[in-house]
Structure formats: structure tokens, C-alpha cells
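Colleague: Here is my input, please return the structure:
(one chain, ligands or ions: 1)
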Amino acid sequence: MTTTECQTVKCPCNNCSEVIEFSASRAGEVMPCPHCGLDTKLFIHRPPLVPRPKKSTRGMVIGVGLGALIIGAILSIKPGSRLPVSEEVISETMVPLAPPVVLKTLENVEISFSDDVLLVRNQGQFRYRSFFAWLNEEPPDGYQVEVNSLGPGDAVHIPLANFVRNNGLRFNPRAFKVMRVWAGGNGYQYKEYE
Ligand SMILES: [Zn+2]
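Modeller: Numbers count the residues shown, from 1 in each chain. Next up, the predicted model:
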């Protein structure tokens with residue numbers, strides 16, 4: 001729910017900070033404050049779209065404060081006093097949303113390895129576009145290689161010596177062992193293989 005759906009909203013006066021109740025369609029107007037008489041601009045509070053869990057105490061306090069604002073906005077709705085909100089106000093107060101990012105999974109990709117080769121196999125019914133595989137350290141660190149698109153039943157052997165770190169260092173199968181493997185990227189969710 002957003003404040004644009006509410007008919008009656010509240011904002012503090014710019015001068016005396018007393019709460020002014022007004023119809024949402026009047027947002028942006030300047031009017032004399034009913035408390036102090038000075039001109040004040042009516043505005044609509046915009047709470048954040050999705051409050052994320054915060055780690056710091058300060059963040060939690062802010063989060064609780066915003067939560068109280070949202071609840072306050074919800075409580076300020078008066079059923080029965082609703083008027084149609086003009087489209088102008090809605091387009092003015094809408095916050096554009098980023099398109100949702102839906103990551104697919106590599107659920108039918110099987111990965112195994114020997115001392116010098118990584119074997120990647122598509123056990124599913126559909127083609128996977130190219131993605132990435134990482135050795136030992138969590139992406140984007142670790143030794144990385146691009147795995148080409150795999151059709152149903154396709155398998156590819158990738159020499160471990162083809163894996164290269166961001167800093168250019170190449171995986172040396174005679175010096176290192178494969179401990180953990182990740183696959184994903186290019187729109188696919190990271191998945192860890194052990
Ligand atoms: Zn005032």
C-alpha cells in the first residue's frame with residue numbers, strides 16, 4: 001500500500017510542525033496553516049518500498065520510525081470519505097520501480113571433477129545459455145571459467161588449468177586441490193557444488 005491510495009493524508013507544517021490533514025489530491029499546494037496561520041506547502045510522505053532488515057541499531061531505529069510513519073499513514077485513512085484521486089497526482093507521486101530480477105537456477109546441471117578436469121553435464125530437457133564456474137572461493141573471487149551453452153544431454157570437460165582468477169593467476173592442478181565449486185551468473189543463480 002502507498003499513500004497515493006489514501007484519500008486523506010497528513011503532513012507537518014513547514015513552520016510550526018503541527019500536523020495538517022488534507023486530501024491527497026491537494027499535495028503540492030501552498031496554503032495557510034490552520035495552526036500558526038503561516039503559508040506551508042502540503043506534501044505526501046513517501047515510505048520506502050521494501051524495508052530491508054538492518055544490521056546496525058541505528059538502522060533498526062530508523063526502520064521502526066519509518067514503520068510508524070507507514071502505520072500512521074494507514075490509520076489516517078477514513079473509510080467513507082474517499083474521493084477519486086486524479087491521475088495527475090498519481091503520476092506525480094508514483095515512485096518508479098526497477099524491473100524485478102528473476103534468476104533462473106541451474107537445477108539440472110551436474111558438476112563433478114577429477115584431479116585435472118571439471119565435468120559439466122546438462123541432465124535436463126532444456127538448453128542452458130552460457131554461464132560461469134568458479135573453483136574454491138565464492139564468486140566473484142576464486143578461479144573462473146566460462147561454460148558454453150549446453151543443450152539437453154550435453155557434457156563438457158574443462159581442464160582445471162583453464163580456470164583463471166581476476167588477478168590473472170591460473171589454477172595449478174598440481175599445486176591446488178578443488179575444494180568447492182560454484183556455477184551461475186549470466187542470469188543464473190549462484191549454486192554451490194561440494
Ligand atoms: Zn503551522
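Colleague: any low-confidence regions in the chain?
Modeller: Within the chain, the segments meeting pLDDT under 70 span 1-6, 45-101.
Colleague: Can you pull the residues of it lying near the ion?
Modeller: 13, 15-16, 33, 35-36 (CB under 5 Å from the ion). C-beta coordinates here come from the backbone N, C-alpha and C atoms, glycine included.
Colleague: try it again with 8 Å
Modeller: Residues of the chain lying near the ion by CB under 8 Å from the ion: 13-18, 20, 33-38, 40.
Colleague: Format the residues you listed as JSON lines; extra columns: neighbour count.
Modeller: Output for the residues of the chain next to the ion, formatted as JSON lines (neighbours: other CB atoms under 10 Å):
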{"residue": "Cys13", "neighbour count": "20"}
{"residue": "Asn14", "neighbour count": "16"}
{"residue": "Asn15", "neighbour count": "13"}
{"residue": "Cys16", "neighbour count": "13"}
{"residue": "Ser17", "neighbour count": "12"}
{"residue": "Glu18", "neighbour count": "12"}
{"residue": "Ile20", "neighbour count": "19"}
{"residue": "Cys33", "neighbour count": "18"}
{"residue": "Pro34", "neighbour count": "12"}
{"residue": "His35", "neighbour count": "15"}
{"residue": "Cys36", "neighbour count": "14"}
{"residue": "Gly37", "neighbour count": "11"}
{"residue": "Leu38", "neighbour count": "11"}
{"residue": "Thr40", "neighbour count": "23"}
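Colleague: Break the protein down into its domains, please.
Modeller: 3-93, 109-193 (automatic domain parsing).
Colleague: Lovely, talk soon.
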